[in-house]
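Visitor: pasting a predicted model and its sequence here:
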Amino acid sequence: MRAETWTPWAPPMAPEPAKPRRMPDILKDVATRHRIRITDITSQSRSDVNVAARQEFYALAMDAGRSSNQVAAFIGRDHSTVLHGAKKHRAREAGKIAS
C-alpha cells in the first residue's frame, strides 16, 4: 500500500476585481478618440467637438465608479454640470438625440 499525501480542499478563487480606471487615463483616452488635446476638454470652450468629448469623459468617469463631485473637482466644473453632461452623452449614445 502506498502512502498518499493529504491536501486540503480549497474553494476556487474568485478573480480579482479590475482596478478602477484613473481619471487622467480616461481623459487621455477620450482626447485621443476625439483627436483633440486634453486642454480642449478641460477648457471653457463650448464648441460641439469639445462639449461632446467633455460629456463622454463625464459619463466614462462616473461609470468607472467616480462620483459627480469627484469628476467635477477633477475637471473644474460643478457637479450638476457633470450629471447633465453624462445624461446627454448617454442619450446621444442611445440615439435619442442628434450628435
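Guide: Good, I have the coordinates.
Visitor: this structure: helices as residue ranges?
Guide: If DSSP state H is used as the criterion, the helices of the chain fall at 23-34, 38-42, 48-63, 68-75, 79-93.
Visitor: which strands or helices does the first one pack on?
Guide: In terms of contacts (3 or more C-beta pairs under 8 Å, 6 or more residues apart in numbering; DSSP states H and E), helix 23-34 is packed against helix 38-42, helix 48-63, helix 68-75. Where you see a C-beta, it was placed from the backbone N, CA and C, and this is true even at glycine.
Visitor: now render the ones you listed as TSV, adding mean pLDDT.
Guide: Formatted as TSV, the helices and strands packed on helix 23-34 follow (pLDDT from 0 to 100):
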stretch	mean pLDDT
helix 38-42	97
helix 48-63	97
helix 68-75	97
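Visitor: follow-up on the earlier one: quick one: closest of the helices of the chain to P12.
Guide: helix 48-63 (28.6 Å; C-beta to C-beta).
Visitor: give me the buried positions along that closest one.
Guide: Residues of helix 48-63 classed as buried: N50, A52, A53, R54, Q55, E56, F57, Y58, A59, L60, A61, M62 (neighbour count, 16 or more other C-beta atoms under 10 Å).
Visitor: how about low-confidence regions in this protein?
Guide: Applying pLDDT under 70 to the chain picks out residues 1-4, 6-8, 10, 16-19, 98-99.
Visitor: gap between N50 and T5?
Guide: 65 Å (C-beta to C-beta, to the nearest Å).
Visitor: returning to that earlier point: okay, the helices of the chain in CSV with distance to M13 next?
Guide: Putting those into CSV (distance: least, C-beta to C-beta, whole Å) gives the following:
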stretch, distance to M13
helix 23-34, 27
helix 38-42, 38
helix 48-63, 27
helix 68-75, 31
helix 79-93, 35
